[in-house]
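*Asks:* Next come a sequence and a model predicted from it.
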Amino acid sequence: MINESLRLLRVFHDLKAIDLAKKLSISQSYLSEIENGKKKPSLELIEKYSVVFKIKPSTILFFSEEIEEDSLKGNMKELMIKFMKVIEKFGGLEDE
């Protein structure tokens, strides 16, 4: 559920869709389609997300796998806790 992880990243960082779209150099409608699962982001776009949010692309992909697993269980609270732990543990780009 890459779409949900990207949406949660934006919400977690308190960014409006229009502001994030500008930072990613995409239209707000395209961002909306990605967040709603109508379009899939390219690897290039995931890389742009990683730059904007200062996290590794692999962290975004790992988190999206965790979301999918938890959403199947229907546990949103646990999902948010995992999200914060992933960002805290793997979030920085300083290792690159």
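*Replies:* Happy to help now that I have it.

*Asks:* Quick check, pLDDT for residue 74.
*Replies:* Note for residue 74: predicted pLDDT of 60.

*Asks:* Residue 80 now?
*Replies:* In this model, residue 80 carries a pLDDT of 69.

*Asks:* What's the local residue count around residue 6?
*Replies:* 23 (other C-beta atoms under 10 Å). Using the backbone N, CA and C atoms, a C-beta is placed for each residue, glycine as well.

*Asks:* And residue 33, by the same measure?
*Replies:* Neighbours of residue 33 using other C-beta under 10 Å come to 16.

*Asks:* which residues touch it?
*Replies:* Taking C-beta atoms under 8 Å, 6 or more residues apart in numbering as the criterion, residue 33 is in contact with residue 39.

*Asks:* and if you look at the one 10 residues further on?
*Replies:* If you count contacts by C-beta under 8 Å, 6+ apart, residue 43 has them with residue 57.

*Asks:* I'd like the distance between it and residue 61.
*Replies:* Using C-beta to C-beta, to the nearest Å, residue 43 is found at 10 Å from residue 61.

*Asks:* Then residue 35?
*Replies:* 16 Å.

*Asks:* Which one's more surrounded, those two?
*Replies:* For residue 35 versus residue 61, neighbours defined as other C-beta under 10 Å are more numerous around residue 35 (22 against 14).

*Asks:* Apart from its chain neighbours, what residue comes closest to the more buried one?
*Replies:* Nearest residue to residue 35, sequence neighbours excluded (C-beta to C-beta, 6 or more residues apart in numbering): residue 7, at 4.2 Å.

*Asks:* Next secondary structure after the helix or strand hosting that neighbour?
*Replies:* Using DSSP states H and E, residue 7 maps to helix 2-12. Note on helix 2-12: by DSSP H and E, the next helix or strand toward the C-terminus is helix 17-24.

*Asks:* so how far is that next one off the chain centroid?
*Replies:* Distance of helix 17-24 from its chain centroid, counting by C-alpha atoms, centre = their mean, to the nearest Å, is 13 Å.
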